[in-house]
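just a sequence and a predicted model for now, questions to come.
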Amino acid sequence: AGPGTVALYIALVASVLLRLAAGLWPDAAPLLYAASGLAWIAAFGGFALLYGPALLRAPAAKAG
């Protein structure tokens, strides 16, 4: 995987770990939920920017 894809996976894993941490430390839950949401947005937004153009491109014409 390229560096962009690795960054997406890191952001996604960070989002999950922050969400789990919010369950372990309820006093810090609001901050952890916000950080988790931002990490998820970064992962999804990065995916859309990185892979969106390829996914939205028209399929190649079949030969023959």
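Nice, I can see it. Numbering: from 1, shown residues only.

switch to C-alpha atoms for all contacts and neighbour counts from now on
Fine.

which residue packs closest to the residue most central in space within the chain, ignoring adjacent ones?
Nearest to the geometric centre of the chain sits Ala43, at 1.8 Å (CA atoms, centre = their mean). Spatial nearest neighbour of Ala43, chain neighbours left out: Leu8 (4.8 Å); criterion: CA to CA, 6 or more residues apart in numbering.

which of the helices or strands spans that neighbour?
helix 3-24 (DSSP states H and E).

by contact count, what packs against that helix?
The contact analysis (3 or more CA pairs under 8 Å, 6 or more residues apart in numbering; DSSP states H and E) places helix 3-24 against helix 29-56.

just the buried positions in the helix it packs on, please.
Neighbour-count burial for helix 29-56, counted by 16 or more other CA atoms under 10 Å, picks out 29, 32-33, 35-37, 39-40, 42-44, 46-47.

which one among those gets closest to Ala1?
Checking these against Ala1 with CA to CA, the nearest one is Phe47 at 13.1 Å.

how many other residues sit next to the residue nearest to the closest one when sequence neighbours are not counted?
Spatial nearest neighbour of Phe47, excluding adjacent residues (CA to CA, 6+ apart): Leu8 at 6.8 Å. Using other CA atoms under 10 Å, Leu8 has 20 other residues around it.

same question for Ala22.
Neighbour number of Ala22 under other CA under 10 Å is 20.

surely the residue nearest to the centre of the chain meets Leu12?
Yes: in this structure, Ala43 is within contact of Leu12 by CA atoms under 8 Å, at 5.6 Å.
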